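Trainee: Give me a 3D structure for the following:
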Amino acid sequence: MVLTFFYRLFFLFLLIFISSPLTPLRAQGLEPTVSILPQPLDVGSPARVVISNFPLDVVISGRFDDKPIFFFPHNSSLIGLFGADIALAQGTYPLTLFWEGGKKSFEVVVKAKDYGVRDIKVPQSKVELSPEDLARSKKESDLTKAALAIKSPEKLWSGEFIEPVNSRVNSSFGRLTRLNGKLNSRPHAGADYLAPTGTPVKAPADGLVLLTGDHFFAGKSVYLDHGQGLISMYFHLSEIKVEEGLKIKKGQILGLTGQSGRVTGAHLHYGIYINGARIDPLVFRRLTSQLTASPPKPTSASKGL
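Mentor: Numbering: from 1, shown residues only. Predicted coordinates:
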């Protein structure tokens, strides 16, 4: 009778042990297989960290260029997105992963890239601002910086990003601007789609309307939060069709193209930020397409420190 009791107690503890999730203590000493793609990385480009041979229920995080990297499960791996900001200097930067009981750093090589120069002519009042316009633009800049600092923990998007409008890009990402004959040191942080006023602008992926407004430089604008520090933005609209806090589905109309703000004609400015890093939205779209395709094979292209 007593022996039967102890057998039952033993099997009860064994069942609890097997069915319980992997604890941080059991994760100690594990070494994940890590791939960083692409490598090297062009300035202004997005990239991903692929973690395999590691328990999916163990919390893992990362940092690159003093910015966080959030991970989400994808097939049998974990994926973390990051980017080399358009203003990041060429060089080698550490990317560090953290998990309970472990830490490892890798080298990421960032290459310079010549995106070219564009010439734009606008009214001089849009270049040399009055005190009133300067105060307004400063207030609007503070609002957008606060919005871009938001990092929702949940991933809201899935699948491949779609184009916001069906038209050609007439001013690409990363180009320096010669404004009224004077070179501006700030690179173009988005892609401009040439589209007549009134063209519907679609959400490229699911998200949450983070901010809307009518701003001095960007005109009527919409910012979407896609979760985990991924934010997209749409400038120079003629109409805004959504409100802050609204949940958005891929393909939903955000607004109509126009020429509000500082522009030379009707178009859509489309930008993508990954945890504050300004990256090329067209290259990011290709990255989401690659994620939708077959998973990448682990490589040894990343050098551990």
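Trainee: Kindly indicate whether the residue nearest to Asp280 when sequence neighbours are not counted is helix, strand or coil.
Mentor: Among residues not flanking Asp280 along the chain, Phe173 sits closest, at 4.1 Å (C-beta to C-beta, 6 or more residues apart in numbering). (Glycine included, C-beta is placed from N, CA and C.) Per DSSP: H, G, I helix; E, B strand; the rest coil, the secondary structure class of Phe173 is coil.
Trainee: distance of the residue nearest the centre of the chain from Glu31?
Mentor: The chain has Ile274 as the residue nearest its centroid, 2.6 Å off, counting by C-alpha atoms, centre = their mean. Distance, Ile274 to Glu31, using C-beta to C-beta, to the nearest Å: 26 Å.
Trainee: go on, Ser167?
Mentor: 48 Å.
Trainee: more neighbours, these two?
Mentor: Using other C-beta atoms under 10 Å as the criterion, Ser167 and Glu31 rank with Ser167 on top: 15 against 10.
Trainee: picking that back up, show me what contacts the residue nearest to the centre of the chain?
Mentor: 46, 67, 81-83, 229-230, 284 (C-beta atoms under 8 Å, 6 or more residues apart in numbering).
Trainee: If we use 7 Å, what do you get?
Mentor: Ile274 sits next to 46, 81-83, 229-230 when contact means C-beta atoms under 7 Å, 6 or more residues apart in numbering.
Trainee: ditto for Ile248
Mentor: So Ile248 contacts 203, 206-209, 224, 242 (C-beta under 7 Å, 6+ apart).
Trainee: Most widely separated two among the residues you listed?
Mentor: Taking C-beta to C-beta as the measure, the contacts of Ile248 span a maximum distance of 13.1 Å, between Asp206 and Val242.
Trainee: Within the sheet, what are the partner strands of the helix or strand where Ile36 lies, with directions?
Mentor: Here Ile36, judged by DSSP states H and E, is contained in strand 33-37. Strand 33-37 sits in its sheet next to strand 46-52 (antiparallel), going by DSSP bridges.
Trainee: Next, report how far the strand it pairs with is displaced from the centre of its chain.
Mentor: 13 Å (C-alpha atoms, centre = their mean, to the nearest Å).
Trainee: if you average pLDDT over it, what comes out?
Mentor: The pLDDT scores in strand 46-52 average 95.
Trainee: which residues touch it?
Mentor: Contacts for strand 46-52 (C-beta under 7 Å, 6+ apart): 32-38, 41, 60, 62, 69, 71, 76-83, 95, 274, 279, 283-284, 287, 296, 298.
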